[in-house]
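**Student:** Sharing a model that was predicted from the sequence below.
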Amino acid sequence: MELDYDEIRRIYHMEKNTSKLVEVQEDFFDSLTEFLLKEKEDYLNSMNDLDFAKARAFSNLKKMVEEILSLREKKILNKALVSAKTSEPNNELMALEEKKMFEQILKILESHKSLTESVFVGKQAKESKEKSLNKVLVRILSEIPSFIGTDMKEYGPFKKNDKVELPPKIAKLFVSRKIGEKTS
């Protein structure tokens, strides 16, 4: 569909008066660019003829198009936010370039969503992962009563042949005193 002033005005009024995206063709931006180039050429010619009415019309057209694009951008951002929360992407009524932008925004939001989710579950998972990474598996060689380690945490009591994960310092102490041995 070829764009003209009437179609631009129609899209402009509809974009301003509804929270939903106005349906445009997939090649909307190509058509818009082509239309604006033609209008700009007419505008430049009108400047030579000192036709200020055409100059004013082009200025109004430019403002209308900028407003349309701004409104559509905001609506697409809102659509992406909703889609990220509901996991139901909906890129209907968008031009091709807008669909690409929508998909990129959605990827960023989904990445951020996993970050925000990790705030609630990730800290515990991260701590347990760090704990297991910083531990040494030791087989206990004799009975050991409970004790407080250098990290001020309570360990034990342990029975002979128990396999326990201990911080490296405590594991090293057990091995050096022959009350435990490293295992895998």
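**Tutor:** Okay, I see it.

**Student:** Can you report how many residues neighbour Ser83?
**Tutor:** Ser83 has 19 neighbours, counted by other Cβ atoms under 10 Å. In this view, the C-beta of every residue, glycine as well, is placed from N, C-alpha and C.

**Student:** ok, it - contacts?
**Tutor:** Shown in contact with Ser83 (Cβ atoms under 8 Å, 6 or more residues apart in numbering): 89-90, 106, 109.

**Student:** List the buried residues for the strand or helix carrying it?
**Tutor:** When elements are defined using DSSP states H and E, Ser83 is found to belong to helix 52-86. Buried residues in helix 52-86, counted by 16 or more other Cβ atoms under 10 Å: 54-55, 57-58, 61, 64-65, 68, 71-72, 75-76, 79-80, 83-84.

**Student:** swap in stretch 89-101?
**Tutor:** Using 16+ other Cβ under 10 Å as the test for burial, stretch 89-101 gives 89, 91, 93-95, 98-99, 101.

**Student:** May I see these organised as CSV, with secondary structure, pLDDT and distance to Ile148 added?
**Tutor:** Listed next are the buried residues of stretch 89-101 as CSV, based on DSSP: H, G, I helix; E, B strand; the rest coil; pLDDT from 0 to 100; distance: Cβ to Cβ, whole Å:
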residue, secondary structure, pLDDT, distance to Ile148
Pro89, coil, 86, 54
Asn91, coil, 89, 59
Leu93, coil, 92, 66
Met94, coil, 94, 63
Ala95, coil, 95, 67
Glu98, helix, 95, 62
Lys99, helix, 94, 61
Met101, helix, 94, 58
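
**Student:** Appreciated, that's everything.
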